[in-house]
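Asks: what's the 3D shape of this:
(2 chains)
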Amino acid sequence: MKKILKKHKIEIIIITCILLVSILAIIIINLLSNKGRYVVVIYNQKEQASYALDKDIEVDLTYEENHYNKLVIKDGKASIVEASCPDKICVKTYSISKVGETIVCLPNKVVIKIVGQKTDVDVVT
Amino acid sequence: MKKEIKIIAFLAILIALALVLSYVDSLIVVSFVVPIIRLPGIKLGLANIAIIYTLYKMGIKEAILVSLVRLVLSSILFGSITTFLYGLCGAILSLSVMIILKKLTSFSLVAISIFGSIMHNIGQIIVAIFIMSTKEIGLYLPVLVISGIICGIAVGILSYLTLKYTKNITLFN
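Replies: Numbering: from 1, shown residues only, chains lettered A, B, ... in the order given. Next up is the predicted model:
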């Protein structure tokens, strides 16, 4: 074991450094992010709608035929509970509430993002 | 003549292996890592075993070939044009970093596999930022780097064992 450690000293040091920097970055990102106030829905790189986080609602986001993501806002947190995409990654993503956090659905080209300030697009109030 | 046929057949086996591994990969979405870091959709990158194996056993050109053919076939079979784009950027970055490290340094197989995994994730993030034009996806980078390190260790050890147990097999003599 000691021999292995000595032989591969440089690579172990480099990888440990990368690991520590990443952990530090996660902590900093978590500390800097503030609680958001609105959810913005982006489809195909364009903003489609925004919803206030303080009201509990359920909406179906349908921008293409047979493609949908069901967005639920509850207790100030947004999450996608149902989707038509095959991988269901957006459904498995944890609910989001901090500025800059996103849930991404690659197959449906839908991104939901938390923002602090309201933008000019305001479809639903 | 006979040697060439052997190489072609062996490459075909490796490509088939990489394809099966990437299918198995899509079945095991690593969810036990998720509770700590709240990002799902992390894959082990098992297909990298076949690519590392090719890189060490056969050479650079063959590894590039196996990687690209696997990517095209797995996109046609299990994915779409978007998966192809994500995979392409990830595969190019990860393979070139692995080749450069193998040529220039005396890094161990596990370390090379770790850097390959990290670069694969970085490549996918870059494509995601461009396709979604959402810069915030970049915030997932540290999480993906850590998952790359963990998955890279697993894949590296598996490739090391595969190479170790097939050491005595001489294909081309």
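Asks: interface residues of chain A facing chain B?
Replies: A:7-8, A:10-12, A:14-15, A:18-19, A:21-23, A:25-26, A:29, A:42, A:45, A:87, A:89, A:92-94, A:100-102, A:104, A:106-107, A:109, A:111, A:113 (C-beta under 8 Å from any C-beta of the partner chain). No exception for glycine: its C-beta is placed from N, CA and C like everyone else's.
Asks: switch the cut-off to 6 Å
Replies: Within reach of chain B by C-beta under 6 Å from any C-beta of the partner chain, chain A has these residues: A:8, A:11, A:15, A:19, A:22, A:25-26, A:29, A:45, A:89, A:92-94, A:100, A:102, A:111.
Asks: and stretch A:104-116, which residues are buried?
Replies: A:104-115 (16 or more other C-beta atoms under 10 Å in any protein chain shown).
Asks: Tabulate those residues in a markdown table, adding columns for secondary structure, distance to B:T134 and pLDDT.
Replies: Output for the buried residues of stretch A:104-116, formatted as a markdown table (DSSP: H, G, I helix; E, B strand; the rest coil; distance: C-beta to C-beta, whole Å; pLDDT from 0 to 100):
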| residue | secondary structure | distance to B:T134 | pLDDT |
| --- | --- | --- | --- |
| A:V104 | strand | 8 | 84 |
| A:C105 | strand | 12 | 82 |
| A:L106 | coil | 12 | 79 |
| A:P107 | coil | 16 | 80 |
| A:N108 | coil | 14 | 82 |
| A:K109 | coil | 11 | 82 |
| A:V110 | strand | 11 | 85 |
| A:V111 | strand | 5 | 86 |
| A:I112 | strand | 10 | 86 |
| A:K113 | strand | 7 | 85 |
| A:I114 | strand | 12 | 84 |
| A:V115 | strand | 12 | 82 |
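Asks: Show me which of those is closest to B:A18.
Replies: A:L106 (22.3 Å; C-beta to C-beta).
Asks: pretty sure B:F115 is touching B:L95, no?
Replies: No: B:F115 is beyond contact range of B:L95, at 11.0 Å (criterion: C-beta atoms under 6 Å).
Asks: Which of the residues of chain A next to chain B has the largest number of neighbours?
Replies: In terms of neighbour count, A:V111 stands highest of these at 25 neighbours, by other C-beta atoms under 10 Å in any protein chain shown.
Asks: What does the spatially closest residue to that residue that is not a sequence neighbour show for phi and psi?
Replies: Nearest residue to A:V111, sequence neighbours excluded (C-beta to C-beta, 6 or more residues apart in numbering or on different chains): A:I42, at 4.3 Å. Backbone torsions of A:I42, given as degrees, to the nearest 10, read phi -120, psi 130.
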